[in-house]
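Asks: I need the structure of the sequence given here:
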Amino acid sequence: MIVGTAGHIDHGKSALVKALTGVETDRLKEEKARGISIDLGFAYSPRADGAVLGFVDVPGHERFVRNMLAGASGIDLVLLVVAADDGPMPQTREHLAIVDLLGVRRGLVALTKRDLVDDARLQEAEAEVAALLSGTGLEGAEILAVSAVTGEGVAALSARLDALRAATRARPAD
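Replies: Residues are numbered from 1 along each chain as shown. Predicted coordinates:
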């Protein structure tokens, strides 16, 4: 199963993929210098049952939306990443619209930076995300609070991805 990230710049897409896979997806010198994803990043995570989860990590900056679109066009599931401290931002909405137009109907929301917010803000962010998803192909998607820094929620997110992978039909071999 191929999982594609989506979301606003600096909401933790690359950090979350690294927490899930151990792979640093920002590989270009300019990405490391600027601290932002510019190009698509790829990571793979072997699973306990011998399967492999593939990740496409997309840039979140508005100037790189073409790269995001290229990465999102072949995914099985979207991992919409929203920072709990910020809530949905412009590229959150733009990326959600893109995956909706592409017909991606399977996904999860990772509410990142859990370590930076109290429970009241977390609940507020969850409500903002649920409202954002209303009327889209991801309406009702599960929202999981995570922190790539502390590791909180990462194992639960990984387990949910495994459950969704198990319920996904394999792509035909061509």
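
Asks: Distance check, residue 127 against residue 163.
Replies: 25 Å (Cβ to Cβ, to the nearest Å). The C-beta positions use only the backbone N, C-alpha and C, and glycine is treated the same way.

Asks: Could you do residue 51 as well?
Replies: To residue 163, residue 51 is 12 Å away according to Cβ to Cβ.

Asks: now residue 151
Replies: Distance from residue 151 to residue 163, counting by Cβ to Cβ: 20 Å.

Asks: same check, this time on residue 13
Replies: Residue 13 is 21 Å from residue 163, by Cβ to Cβ.

Asks: higher neighbour count, those two?
Replies: For the pair residue 13 and residue 163, the greater number of neighbours falls to residue 13 (30 against 10), based on other Cβ atoms under 10 Å.

Asks: mind checking pLDDT for residue 168?
Replies: Residue 168 is assigned a predicted lDDT (pLDDT) of 75.

Asks: OK, contacts around it?
Replies: Counting by Cβ atoms under 8 Å, 6 or more residues apart in numbering, residue 168 touches 1, 76-77, 106.

Asks: closest to residue 147 among the residues you listed?
Replies: Within those, distances to residue 147 taken as Cβ to Cβ reach their minimum at residue 77, with 21.4 Å.

Asks: Excluding sequence neighbours, find me the nearest residue to the closest one.
Replies: Leaving aside its sequence neighbours, residue 77 sits nearest to residue 106 (Cβ to Cβ, 6 or more residues apart in numbering; 4.6 Å).

Asks: which is the next helix or strand following the helix or strand bottoming out on mean pLDDT in the chain?
Replies: When each helix and strand of the chain is scored by mean pLDDT, DSSP states H and E, helix 65-72 comes last, with a mean of 55. Counting by DSSP states H and E, the next helix or strand C-terminal to helix 65-72 is strand 77-83.

Asks: elements contacting that next one?
Replies: For strand 77-83, the elements it packs on are strand 2-6, helix 13-21, helix 90-101, strand 107-112, helix 119-133, helix 154-166, judged by 3 or more Cβ pairs under 8 Å, 6 or more residues apart in numbering; DSSP states H and E.

Asks: strand partners of it, parallel vs antiparallel please.
Replies: The strands beside strand 77-83 in its sheet (DSSP bridges) come out as strand 2-6 (parallel), strand 107-112 (parallel).
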